[in-house]
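In: pasting the structure only:
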């Protein structure tokens, strides 16, 4: 089992590294109804955005964040495939 001082040191250093690194931004793009919003909910372990079953739900591009998580995700409306 790890020594409590070592655990505190590790936590401090991880927090420091995260603060220095700053926010990471990701853009999610794809066809309508493929699960972009479902992926975002999964990444953040919660219901951050509304989802539907195989049908488009997201109408505009939006930026989703969660308190304490150094990640922001841009959720886009579905892209149409022209052919």
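Out: Yep, it's here. Please read all numbers here as calculations on a predicted model, not as lab measurements.
In: all contacts plus neighbour counts: C-alpha atoms, from now on.
Out: Will do.
In: residue 60 contacts residue 76, correct?
Out: Yes - counting by C-alpha atoms under 8 Å, residue 60 touches residue 76, with 6.3 Å between them.
In: report how many residues lie close to residue 14.
Out: 12 (other C-alpha atoms under 10 Å).
In: which residues are contacting the strand or helix carrying it?
Out: Per DSSP states H and E, residue 14 falls inside helix 4-21. Helix 4-21 has contacts (C-alpha atoms under 8 Å, 6 or more residues apart in numbering) with residue 70.
In: please repeat the previous calculation with a cut-off of 10 Å.
Out: Here helix 4-21 makes contact (C-alpha atoms under 10 Å, 6 or more residues apart in numbering) with 69, 70.
In: what do you get for stretch 39-59?
Out: Under the contact criterion C-alpha under 10 Å, 6+ apart, stretch 39-59 has outside partners 28, 31-38, 62, 64-66, 69, 71-78.
In: are any of those buried, and which?
Out: 32-38, 64-65, 71-78 (16 or more other C-alpha atoms under 10 Å).
In: can you list which of these are found in strands?
Out: Judged by DSSP state E, the subset of those located in strands is 64, 65, 71, 72, 73, 74, 75.
In: separation between the first one and residue 73?
Out: Looking back up the chat, that one is residue 64. Applying C-alpha to C-alpha, to the nearest Å, the value for residue 64 to residue 73 is 5 Å.
In: find the residues that touch each one of these two.
Out: 25, 26, 40, 44.
In: taking strand 71-75 as reference, get the angle to the helix or strand hosting the first one.
Out: Take DSSP H and E as the rule and residue 25 turns out to sit in strand 24-28. Here the directions of strand 24-28 and strand 71-75 differ by 20 degrees (axes from the mean of the first three to the mean of the last three C-alpha atoms, to 10 degrees).
In: parallel or antiparallel, list what pairs with strand 24-28.
Out: Strand 24-28 pairs in its sheet with strand 71-75 (parallel), by DSSP bridges.
In: and the strand it pairs with, average pLDDT?
Out: Averaged across strand 71-75, the pLDDT comes to 93.
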